[in-house]
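> Sharing a model prediction with you, sequence too.
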Amino acid sequence: MAAPAETAPADYLLPRHVGPWSLDDVLSLPEDNSQRIELVDGMLLVSPLGSYRHQNLVFDAAAALRAACPDHLQTTIELNVLLSSGRLVIPDFTVVTPREAGVMFPVSDVVLVGEVFSPSTRLNDEGLKRSLYAKAGIQYYLMVDPEPRVVEATLLELQGERYVEIARSAGGVLETERPFPVTIKF
């Protein structure tokens, strides 16, 4: 009987780490353009970049928002948003009040966040991140669901401590007046 072959040690994307992750720990990780790494209360949320369709939906939403943005606002994609000292998220797209910022953008200047659901992020986007965005005081949350035959988009507005639906797409088109007039075609 032959001895089992030795296997090479696995290549770990993330270094071994003991205890909760800190913001400094996350910021010291090597850049990796193949996935998104977010931090929530010492825990990493790691997800692959979206599919071709996902990325196109992100682009469509961001392009429509950018074209409609008033001069005092700007639309971005995949911006590091610092919610609090232990919470760093990367929404698919954002509308912000422009400012000079380093690697992390302060939540106080974020007007709208948007997420396009994917199989690996749906639960976090619908539950955890929705709750985090509300607690951080982000006024608008745009959720895009590519799973139905026709893409569905829902715009939520923060009222008190929770989000309330203020607009829903029809036939793959979202029209809203808030936070500014915009039509997004998916």
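Cool, got the structure.
> make it CA atoms for all contacts and neighbour counts henceforth
Fine.
> Can you name the residues that contact the closest residue in space to Trp21 that isn't next to it in sequence?
Sequence neighbours aside, Gly42 is the residue nearest to Trp21 in space, at 4.4 Å (criterion: Cα to Cα, 6 or more residues apart in numbering). For Gly42, the contact set (Cα atoms under 8 Å, 6 or more residues apart in numbering) comprises 20-22, 86.
> From Asn33, how far out is Gly42?
Noted for Gly42: a distance of 22 Å to Asn33, by Cα to Cα, to the nearest Å.
> And for Glu175?
Counting by Cα to Cα, the separation of Glu175 from Asn33 is 33 Å.
> More neighbours: which of these two?
Per other Cα atoms under 10 Å, whichever of Glu175 and Asn33 has more neighbours is Glu175, with 16 against 8.
> contacting residues for the more buried one?
Glu175 makes contact with 167-169, 181-184, according to Cα under 8 Å, 6+ apart.
> Leu155: which of those residues is nearest?
Nearest to Leu155 out of the contacts of Glu175 is Ala167 (Cα to Cα; 5.1 Å).
> same for the helix or strand that closest one falls within, what does it pack against?
For Ala167, the host element (DSSP states H and E) is strand 162-168. Contacts defined by 3 or more Cα pairs under 8 Å, 6 or more residues apart in numbering; DSSP states H and E place strand 162-168 against helix 129-135, strand 152-159, strand 173-176.
> Export those as a markdown table, with columns for mean pLDDT and distance to Tyr141.
Shown next, in a markdown table, are the helices and strands packed on strand 162-168 (pLDDT from 0 to 100; distance: least, Cα to Cα, whole Å):
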| stretch | mean pLDDT | distance to Tyr141 |
| --- | --- | --- |
| helix 129-135 | 97 | 8 |
| strand 152-159 | 98 | 5 |
| strand 173-176 | 98 | 13 |
